[in-house]
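Asks: have a look; sequence and predicted model below, questions after that.
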Amino acid sequence: MIIRPAKVGEHMALTELALRSVQQGWGYSEEFMAWEPEAITVSPAHITDAVTRVLESNGRMLGFYVLTGRPPEIEMSRLMIEPDAIWLGNGRRLWDHAVATARSLGARLITLDADPNAEPFYQRMGAETVGEHEWEPPMMPGWRVKKMRYLIPTNG
């Protein structure tokens, strides 16, 4: 298993992975998936202008993350895992790599917006919920994206 930089041209494959992760992982409807597609879409700019890393095993993409922004505060705009690769330590593997990468870039803080279903994962990783966005999908009243942050330890 390796974590490598995303390659130019892989944005569509990463978007498809993200769609599977969100839809199959959380069981969201087609209507919900069409609501805010840019929230999970991976654009070519994510590969060329951001830090995008892919978890791969035997040539198969199992997951990826995207870091955007500039230190001292970096945003984790995506962390996605293939549905059949969830609960196998791959999320932690990518999280740890993202934290180490952010630290190496000089970041002291990672911010992220989390699906309410993913919030417990990020809390287990040490991130704290600091609020939630006011907007919500019309088909899911009360569903709100969580605002989270993670203070990067200065050592380790």
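Replies: Noted; the coordinates are in hand.

Asks: how close does T111 get to M33?
Replies: 24 Å (C-beta to C-beta, to the nearest Å). The C-beta positions use only the backbone N, C-alpha and C, and glycine is treated the same way.

Asks: looking at these two, which is more packed in?
Replies: Neighbour totals were compared for T111 and M33, and T111 leads with 18 against 13 (other C-beta atoms under 10 Å).

Asks: residues near E10, how many?
Replies: Counted with other C-beta under 10 Å, residues neighbouring E10 total 19.

Asks: that one: what's it in contact with?
Replies: I47, V54, M61 (C-beta atoms under 8 Å, 6 or more residues apart in numbering).

Asks: recalculate using a threshold of 7 Å.
Replies: The neighbourhood of E10, defined by C-beta atoms under 7 Å, 6 or more residues apart in numbering, consists of I47.

Asks: in this structure, which spans are strands?
Replies: For the chain, strands defined by DSSP state E occupy the ranges 2-5, 51-57, 60-70, 73-81, 109-114, 128-132, 146-151.

Asks: what's the most buried one of the ones you listed?
Replies: Compared across these, strand 73-81 shows the largest average neighbour count, a mean of 23 (mean count of other C-beta atoms under 10 Å).

Asks: paired strands for it, with orientation please.
Replies: Strand 73-81 has these partner strands in its sheet, going by DSSP bridges: strand 60-70 (antiparallel), strand 109-114 (parallel).

Asks: okay, now the unreliable bits of this structure?
Replies: Within the chain, the set of residues satisfying pLDDT under 70 comprises 35, 37, 138-139, 156.

Asks: on that earlier part again, let's have the strands of the chain in JSON lines, adding distance to A18.
Replies: Below are the strands of the chain laid out as JSON lines (distance: least, C-beta to C-beta, whole Å):
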{"stretch": "strand 2-5", "distance to A18": "17"}
{"stretch": "strand 51-57", "distance to A18": "12"}
{"stretch": "strand 60-70", "distance to A18": "8"}
{"stretch": "strand 73-81", "distance to A18": "4"}
{"stretch": "strand 109-114", "distance to A18": "14"}
{"stretch": "strand 128-132", "distance to A18": "21"}
{"stretch": "strand 146-151", "distance to A18": "18"}
